[in-house]
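**Q** Need the 3D shape of this:
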Amino acid sequence: MKKLLVIAGIVVGVGLVGGLALAFFLGSIVTAGVNKFAPQITQTKVVLESARISPLTGSGTLAGLVVANPKGWSDNNLCALGKIHVSVAPFSLLGDHIVVNEIVIDAPEFNYETKLVASNVGDLLKNIEAATGGKGPSGAAAPQTKEGKPIKFEVKKFTLTNGKVRLGVGGAGATLPMPGIELTDLGTKEGGITPDQLAFAVMKSVTGSIVSATAKAMGDIGKTGGATAVEGVKKAGDAIKGLFGGDKKKP
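**A** Numbers count the residues shown, from 1 in each chain. A predicted model of the protein is given here:
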């Protein structure tokens, strides 16, 4: 009986160690993938500190994701996403079609900078759009499996809540609440979409949310920054909204 208990204890111990090792392995895959390919898509510095994915449930957390400003803007980060909760079909991480059941970003912080009719978030969206289809100047390479198959993503639900936008125009500054975002079935009909197509779909909605928050705050900005500041925000918002017009490649 004692021998059976000892054997059972060894089996459980090995199982725990194996599970932890696999969780570390899956997290390493996600972290390395983001840090390698995200900068090619955004054409900015992107750093993900760590990721943990449970090999049993597929649930996990991405921590410390920061995206720098595009060229021509301040040295501040464009956004810091803090912790991102994800639910993935765990073994899909080892294939060419990664199924993400849910992504939840809670309390992200964005720094929104404008000058005349341009903005940092607008330029980032342009960078991502340029990378879609391999048109970016960096020649963004799509991630592939060991067999050379392109990796595609399917995100069943994406949610962004409690976001904040730090706005500075003409010397005035304000912190604004962002409208929430909920997207569903990204890449489902297409049988998966590439990382750049996924990034464009998400960032397009994020940009719209930032513009919406800015539009609501125009009256308050006018009190602190004057009519020139209000007009600057309006022109920047119109310029970004213009990115949504015309024929766009749909993910």
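**Q** what's the average pLDDT for the biggest strand by length in the chain?
**A** Across the chain, the longest stretch assigned as strand under DSSP state E is strand 77-88. Over the span of strand 77-88, the pLDDT mean works out to 92.
**Q** quick one: buried residues of whichever helix or strand comes after that strand?
**A** Sequence order places strand 97-106 as the next helix or strand after strand 77-88, per DSSP states H and E. By 16 or more other Cβ atoms under 10 Å, the buried positions in strand 97-106 come out as 97-100, 102-103, 105. Glycine gets a C-beta too; all of them are placed from N, C-alpha and C.
**Q** For residue 76, state which of those is nearest.
**A** Lowest distance from residue 76 to the buried residues of strand 97-106 (Cβ to Cβ) belongs to residue 105, with 19.4 Å.
**Q** check contacts around that closest one.
**A** Residues in contact with residue 105 (Cβ atoms under 8 Å, 6 or more residues apart in numbering) are 81, 84, 159-161, 163.
**Q** Going by distance to residue 118, which of these wins?
**A** Nearest to residue 118 among the contacts of residue 105 is residue 163, at 21.8 Å by Cβ to Cβ.
**Q** give me phi/psi at the closest one?
**A** In terms of degrees, to the nearest 10, the main-chain angles of residue 163 are phi -80, psi 150.
**Q** I'd guessed it sits against residue 112; true?
**A** No. With contact defined as Cβ atoms under 8 Å, residue 163 does not reach residue 112; the gap is 11.2 Å.
**Q** Show the buried residues in the contacts of residue 105.
**A** 81, 84, 160, 163.
**Q** Roughly how far does the closest residue to residue 132 other than its chain neighbours sit from residue 203?
**A** Setting aside the residues directly before and after it, residue 132 is nearest to residue 196 in space (Cβ to Cβ, 6 or more residues apart in numbering), at 4.7 Å. Distance from residue 196 to residue 203, counting by Cβ to Cβ, to the nearest Å: 10 Å.
**Q** what is in contact with the two at once?
**A** With Cβ under 8 Å, 6+ apart, residue 196 and residue 203 have common neighbours residue 128.
**Q** Let me know the angle separating the helix or strand residue 203 falls within from strand 97-106.
**A** In the assignment (DSSP H and E), residue 203 maps to helix 195-216. In terms of direction (axes from the mean of the first three to the mean of the last three Cα atoms, to 10 degrees), helix 195-216 departs from strand 97-106 by 20 degrees.
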